[in-house]
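Student: Could you look at this predicted model? Sequence included:
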Amino acid sequence: ASAARPPLVPPTDGWRMRAPGGGHGLGAVRDLLIGLGAGRVDPPGADGRWLRHDSVGGIPVDVLQAPLAVPGDPRPTLWLDADARLHRLAGRLADGTPVTVELSRADRPTLHPVDALGGRPGQPRALTDDEAERLAALPARLRAVGGAAVTVTAPLGPSATLRGTGTLSWATSSAYLVVIEDGSGRRTLRWVRPGRVAKAHRSPDGPATPPTPMPPGLLAAPARPPGDDLDRLIDAALRAGTHAPDGDAVRVREDRVADRTVDVVEVPGGRRWWLDRGGLPRRLELRTGSGVWVRLDLTPGRVSAGPPGPASR
C-alpha cells in the first residue's frame, strides 16, 4: 500500500493472506472494534459509571466507563452521543498497550467486497425447485460436456499465492495443471485424480502452461492424498462428475462471471458452485480453514480425453 488511506475499491489481486494475529498490536484493535458489533447485547454492569459531558467534532457526548465483553481493557472509556453512537474509545489492550480509536461518523465510505473473503454476502435462501434440479443434474452435465479449461487462484499464505492453468476432464476423472507461486516463480506440475495427486517440480523459467506430452517424471511421481487447499479444490471439482452434492444447499446470490449470469450456490463442505442458467459450472470456490476462499474458474468444453501420455519412441 502506498497511500495513507486504503483505496475505496480494493485491488482484485496482489493480496497476501495470513492467519490474523490477535492479542496485541493492530490485531487486538481489530478484535476490539469488531467485538463492539456483537449481536448479543450484554446488560449494563453495576460497575459502569458516567464520567462527564464532552463534545467530539462539535457533537455533544457523554463520557462513560463501562465493562465490555470484548478482548482487551475490561473497562474502556467510551464517548457516546444521545443516539448511542460511538465517537471515541480509549483504553488498554490485553498486553497493556494504550490505545485510542476515533470514529468519523461523517466519513462512511461504501465497503466493497474482496473475492478472496467471499465477495458480496447476498441474501442466502433455500433453492427453488428449478435450482435444486440443476444442482442434482450437475454430474450428468459434467460428464456430457467432457471437461473444462481451468485457471486457479489460491492465496494460501503470506508468501504463497498460487496460480494454476490447465485442463480438467470429467471423462477420465483427472486434471493436469502447472502451478506457479507468486514471488518465487516456483513452478510445479500437478496431475490430480480423485484422492491422489502427483507432483513434479519445474524450473522457474519454464512454460506457464502444462507441457504436452506429459513428462515421464510426472507419470512416475508417487501419487499422494491431496496436500493443500488447491489440491482439495481440484479434487472436489473432479468428484462432482460422479456425485451430486449431499445435504442442504443454499443460493447465496446472483452474480456474473465470464459475461454470464450465474447463481452462486453453497453446498456443505465449504464449497460454492457458480452455475449458469444452463446448469454448467463457471467457477468453484472452496473455503479454507482460515476463512479465505480459493477459486477455480472453469470454461466447460471438450478437452483431451485425459492427460497426454509420454511421447512414443
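Tutor: Nice, thanks for sending it over.
Student: Show me where the stretch 51-200 of the chain has its helices.
Tutor: Per DSSP state H, counting those that start in this stretch, the stretch 51-200 of the chain has helices spanning 129-136, 138-145. These are given in chain order.
Student: Which among the ones you listed is found nearest to Glu102?
Tutor: For Glu102, the closest of the helices of the stretch 51-200 of the chain is helix 129-136, at 45.9 Å, according to C-beta to C-beta. To be clear about C-beta, it is placed using only N, CA and C from the backbone, and glycine gets the same treatment.
Student: Name the residues that touch that closest one?
Tutor: Helix 129-136 is contacted by residues 127, 244-245, 249, 251, 263, 265, 267, 273, 275, 279 when judged by C-beta atoms under 8 Å, 6 or more residues apart in numbering.
Student: got the CA positions of the worst-scoring helix or strand of the chain on mean pLDDT in PDB?
Tutor: Across the helices and strands of the chain, mean pLDDT, DSSP states H and E gives its lowest value to helix 25-36, namely a mean of 77. Output of helix 25-36 as PDB, limited to C-alpha atoms (Å, rounded to 0.1, in the frame of the first residue of the first chain):
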ATOM      1  CA  GLY A  25      -1.000  -4.600  18.200                       C
ATOM      2  CA  LEU A  26      -3.300  -3.900  15.300                       C
ATOM      3  CA  GLY A  27      -4.900  -7.400  15.500                       C
ATOM      4  CA  ALA A  28      -6.100  -6.600  19.000                       C
ATOM      5  CA  VAL A  29      -7.600  -3.300  18.000                       C
ATOM      6  CA  ARG A  30      -9.400  -5.000  15.100                       C
ATOM      7  CA  ASP A  31     -10.800  -7.600  17.500                       C
ATOM      8  CA  LEU A  32     -11.900  -4.900  19.900                       C
ATOM      9  CA  LEU A  33     -13.800  -2.900  17.200                       C
ATOM     10  CA  ILE A  34     -15.400  -6.000  15.700                       C
ATOM     11  CA  GLY A  35     -16.400  -7.200  19.100                       C
ATOM     12  CA  LEU A  36     -18.400  -4.000  19.700                       C
END
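Student: packing partners for it?
Tutor: For helix 25-36, the packing partners by 3 or more C-beta pairs under 8 Å, 6 or more residues apart in numbering; DSSP states H and E come out as strand 86-92, strand 98-102.
Student: Spatially, what comes nearest to Thr128 if we skip its sequence neighbours?
Tutor: Of all residues beyond its chain neighbours, the one nearest Thr128 is Arg251 (7.8 Å), with distances taken as C-beta to C-beta, 6 or more residues apart in numbering.
Student: Is that neighbour bridged to anything, and to what?
Tutor: In this structure, Arg251 bridges to Arg125, Val265 when assessed by DSSP bridges.
Student: you'd agree it is up against Val267?
Tutor: No - if you go by C-beta atoms under 8 Å, Arg251 and Val267 don't touch, sitting 10.7 Å apart.
Student: So for the residue nearest to Thr128, what's the pLDDT?
Tutor: Arg251 carries a pLDDT value of 97.
Student: Tell me how many other residues surround it.
Tutor: Using other C-beta atoms under 10 Å, the number of residues around Arg251 comes to 20.
Student: before we move on, what about Arg193?
Tutor: 17.
Student: Model confidence score at Ala136, please.
Tutor: pLDDT, read off for Ala136, is 95.
Student: Repeat that for Glu181.
Tutor: Value for Glu181, per-residue pLDDT: 88.
Student: What is the burial count for it?
Tutor: 18.
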